[in-house]
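[1] here is a sequence with its predicted model. Questions after.
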Amino acid sequence: MNKPGGGGAVASTYLSQHARDPHYLMMLAPTLLTSRIVGAGSFHHNDFTPISMLFNEYIFVTVKADSPIKSGKDLISRLREAPDALSVAIATAVGNHIHMGIALPMKAAGVDIKRMKIVPFKSSGQSLTAVLGGHVDVTASTFSALLPHVSAGTLRIVGISAPRRMPGMLANIPTWKEQGANAVFDSWRGVVGAKGIGEAQTKYWESAFAALSRTEEWKKDLEKNFRVNHYLSGQDARKYWDAQYIELEDALRDLGLAKRAN
C-alpha cells in the first residue's frame with residue numbers, strides 16, 4: 001500500500017496503529033529522520049522494530065551541459081567565495097536527504113551552507129527541468145531521474161556523494177572526496193516492522209530480506225539503477241540509522257533547521 005504524505009508521517013502513523021502485528025512492514029528512508037530533526041514529524045526510527053537495511057543510493061550534483069561550472073572543484077570554489085552566488089534545486093523539501101547530499105560535501109569543503117540558495121521543487125523531474133531551462137544553476141538528485149538527460153548529453157554530473165567511483169557509464173565521474181570535499185552521503189532504504197513484534201517474527205523477516213539480497217534479480221535491479229546492495233540485519237541496521245541520525249542532526253543544526261535534540 002502506498003501511504004504518501006508528511007515526509008513519511010502518514011505511513012508511520014499507519015504502521016503505529018498495528019503494534020505487535022508482524023503482517024505490517026514499512027520502507028524506511030532518511031526522510032523520516034530528517035523530518036523529525038527539523039520538527040516536521042514526530043516519529044523516530046526507533047519507534048519501530050528494525051528488520052533490515054537493503055541498499056544505498058547516492059546523490060548526484062549536476063549542471064546544464066553548457067554551464068561554466070565544469071567540475072565539483074569549480075562548484076566548491078564558487079560557493080566558498082559566495083555561498084549564495086548559485087541557486088541549487090532540490091526535491092522536495094529543505095533539510096531532506098537530497099539537500100543533505102549537496103550540503104554535507106559543501107560543508108566538508110568549507111562552504112557556509114547556511115547561506116546557500118536552496119530552491120525546493122515538488123519532484124526531481126521538476127528540479128531537473130528548471131536546470132535545463134536555465135532557471136536555476138545546479139541540482140541534486142538520485143540517478144534514476146538523471147539517466148535520460150545524462151544519456152542525451154544535456155546535463156553534466158560534477159560530483160557524487162559515493163565513497164568510491166561508480167561502475168559503467170559513471171566511471172569517469174569523480175567523487176567529492178577526489179575534489180576536495182571529504183564527505184560521503186548514503187540515501188539508503190531499509191525495512192521496519194510494527195513496534196512490539198516478537199523475536200521469532202523479527203528473525204523470519206530478517207531471513208526473508210537476507211534471501212532477497214542474494215537473488216540475481218535483486219542484484220541486477222540495483223545495478224541497473226546504480227544502487228549498492230547493503231543488507232544488514234535488524235540490530236546492525238539500527239546502529240547504522242542511529243549513526244545517520246547524529247550526522248544528519250549535526251548538518252541540520254549548521255543549517256539552522258534542527259529543532260529536536262534526539
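    Received the coordinates, thanks.

[2] where do the strands sit along the stretch 101-250 of the chain?
    117-121, 138-141, 155-160, 186-193, 228-233 (DSSP state E, counting those that start in this stretch).

[3] domain ranges for the protein, per the record?
    22-56+187-254, 60-179 (automatic domain parsing).

[4] rebuild the ones you listed as JSON lines, extending it with mean pLDDT and mean neighbour count.
    To be clear about C-beta, it is placed using only N, CA and C from the backbone, and glycine gets the same treatment. As requested, the domains of the chain are arranged in JSON lines below (pLDDT from 0 to 100; neighbours: other Cβ atoms under 10 Å):
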{"stretch": "domain 22-56+187-254", "mean pLDDT": "96", "mean neighbour count": "18"}
{"stretch": "domain 60-179", "mean pLDDT": "95", "mean neighbour count": "19"}
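
[5] going on from the longest strand belonging to the chain, what's the next piece of helix or strand?
    Taking DSSP state E as the assignment, the strand of the chain that covers the most residues is strand 49-58. Note on strand 49-58: by DSSP states H and E, the next helix or strand toward the C-terminus is strand 60-64.

[6] what pairs with that following strand, parallel or antiparallel?
    Sheet pairing of strand 60-64 (DSSP bridges) gives strand 138-141 (antiparallel), strand 155-160 (antiparallel).

[7] returning to what we had before: pipe the domains of the chain into JSON lines and attach distance to A9 per row.
    Output for the domains of the chain, formatted as JSON lines (distance: least, Cβ to Cβ, whole Å):
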{"stretch": "domain 22-56+187-254", "distance to A9": "5"}
{"stretch": "domain 60-179", "distance to A9": "12"}
